[in-house]
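Peer 1: kindly return the folded structure for what I paste below:
(4 chains)
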2 protein chains.
Amino acid sequence: MSTDGRLLKGEQTRNVILCRAADIASAEGLEGLSIGRLATELRISKSGVFTHFGSKEELQLATVRKAAGVFREHVVEPALAVPAGLGRVRALLDAWRLYQREPVFPGGCFFHSTMAEFDARPGRVRDAIAASQRDWRAFLERCLREARDGGEIEASADVPQLAFELDALCRTGAAHALLHDDPAFFDRATRAVNARLAAATRPEGA
Amino acid sequence: MSTDGRLLKGEQTRNVILCRAADIASAEGLEGLSIGRLATELRISKSGVFTHFGSKEELQLATVRKAAGVFREHVVEPALAVPAGLGRVRALLDAWRLYQREPVFPGGCFFHSTMAEFDARPGRVRDAIAASQRDWRAFLERCLREARDGGEIEASADVPQLAFELDALCRTGAAHALLHDDPAFFDRATRAVNARLAAATRPEGA
DNA sequence: AAAATAAACGAACGGTCGTACTTTCTTCTC
DNA sequence: GAGAAGAAAGTACGACCGTTCGTTTATTTT
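Peer 2: Just a heads-up that it's a prediction; the model follows:
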């Protein structure tokens, strides 16, 4: 790392590699990711790519971290720019759906793909993905709790349960939209989320 | 095919191969599936495996069909044994959750894994997976419609929307349970499903 | 039992994979 | 601008991939 803000050449290349890696992995999975392919597409030598990581697993882990950064940037930060409360919850879910639709990753949400891929494959990569997933739901729960503490969501609401449900609906909507190439599933998810939030703001919603 | 009901030797082996293939693919994906590995594990020669399918893509397609059969057997048929109506809906969802929990596939639901894998990968395999997915949701919708027509679910209920939501909740519950190795997610899904069904049986649930 | 057919084998192909080296070129520091 | 440090290239390796082919063994039919 240089003393000022600029990035060293190596850091730049590494970053370029990871951007592409995250793109590929979102569509073809972290196993479909290959060092040779990265090298070819980026016009770098295979060893040039390899040296940055030292092993494929390390490349996969770095890719997961990179993708988590992209996710944070596109979804979490926009929500943090909105005051805590129901508005922030809405902003968060809106940003998430935007991120799913827009080609920020060509293969849909990076984490949806890789989570299914490493579901049943113990190891450091799975642990990293699971941790990201926990962070994400923890943040969603935090936003919901803020809204509840501010009185915008019913006091008796089960926040973790609500977070689970909202997550499930949005996630599945995006996945179906991609698989069937039909954006109507995004609308289904939106409608379900709105209904769920509406119910949580009324006494008998839980 | 023999004239009577018995299976030819070749059909038997083919079936054995596909069983194992579906198991592997549920955990490692349809791309992670390899002919050499199948051969080693089943103590058959590589070419012996290959000849049954002629290409890897054909093997993947056959595996998808096999998995669809297993799914039908474990989830759809038990529900069909129950009289149409809300009871059948419940039976269907129960059978589904049982199928997800029990080691019918070692890597969780075959279709959840492969759907995420082929989301963004056009081709015959994706088409086959998408078709299975459509069949599944069509059946779920049929069961819900039966319940609605029988008056057990509110007449104004939006059946496709309800099917989407139930599917999303169960699917995601199983996925999270597997990823985090925490069966509590099954319970979250169950609770959400029950709440959703309860709401759909009361006038203001939609 | 003989003939016909199906199934499985074994070796080999060209490719790609991840990884390990050494060598060359850039970039930064003094 | 010289020297140190780092980044990238180049080459090679063994392993596995899907696929092809010719041969041999089982099974089925006549």
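
Peer 1: only C-alpha atoms for contact and neighbour calcs from this point on.
Peer 2: Fine.

Peer 1: near DNA strand D, which residues of chain A?
Peer 2: A:8-14, A:43-49, A:51-52 (CA under 7 Å from any atom of the strand).

Peer 1: please, a PyMOL command that selects the buried ones among the residues you listed?
Peer 2: A single PyMOL command is used to select the members of the residues of chain A next to DNA strand D judged buried by 16 or more other CA atoms under 10 Å in any protein chain shown:
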select buried, chain A and resi 13+14+46+49
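
Peer 1: which pLDDT value goes with the residue at minimal distance from the centre of chain A?
Peer 2: By CA atoms, centre = their mean, chain A has its centre lying nearest to residue A:71, at 4.5 Å. At residue A:71, the model reports a pLDDT of 96.

Peer 1: circling back: what two of the residues of chain A next to DNA strand D have the greatest distance between them?
Peer 2: Within the residues of chain A next to DNA strand D, two members stand farthest from each other by CA to CA: A:8 and A:46, at 20.4 Å.

Peer 1: restricted to helices, list the residues of chain A next to DNA strand D.
Peer 2: Residues of the residues of chain A next to DNA strand D located in helices (DSSP state H): A:9, A:10, A:11, A:12, A:13, A:14, A:46, A:47, A:48, A:49, A:51.

Peer 1: looking at the residues of chain A next to DNA strand D, which has the smallest pLDDT value?
Peer 2: residue A:8 (57).

Peer 1: any idea how far the helix or strand of chain A with the lowest mean pLDDT is from the middle of the chain?
Peer 2: Least confident helix or strand of chain A, by mean pLDDT, DSSP states H and E, is helix A:9-32 with a mean of 88. Computed by CA atoms, centre = their mean, to the nearest Å, the chain-centroid distance of helix A:9-32 equals 15 Å.

Peer 1: in that helix, which residues are buried?
Peer 2: In helix A:9-32, counting by 16+ other CA under 10 Å, buried: A:13-15, A:17-31.

Peer 1: picking that back up, TSV for the ones in helices among the residues of chain A next to DNA strand D, including distance to DNA strand C?
Peer 2: Conversion of those to TSV gives the following (distance: CA to the nearest atom of the strand, whole Å):
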residue	distance to DNA strand C
A:9	6
A:10	8
A:11	10
A:12	10
A:13	11
A:14	14
A:46	6
A:47	5
A:48	8
A:49	8
A:51	7
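
Peer 1: and these as JSON lines, adding distance to residue B:86?
Peer 2: Shown next, in JSON lines, are those (distance: CA to CA, whole Å):
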{"residue": "A:9", "distance to residue B:86": "64"}
{"residue": "A:10", "distance to residue B:86": "62"}
{"residue": "A:11", "distance to residue B:86": "59"}
{"residue": "A:12", "distance to residue B:86": "59"}
{"residue": "A:13", "distance to residue B:86": "58"}
{"residue": "A:14", "distance to residue B:86": "56"}
{"residue": "A:46", "distance to residue B:86": "58"}
{"residue": "A:47", "distance to residue B:86": "60"}
{"residue": "A:48", "distance to residue B:86": "61"}
{"residue": "A:49", "distance to residue B:86": "57"}
{"residue": "A:51", "distance to residue B:86": "59"}
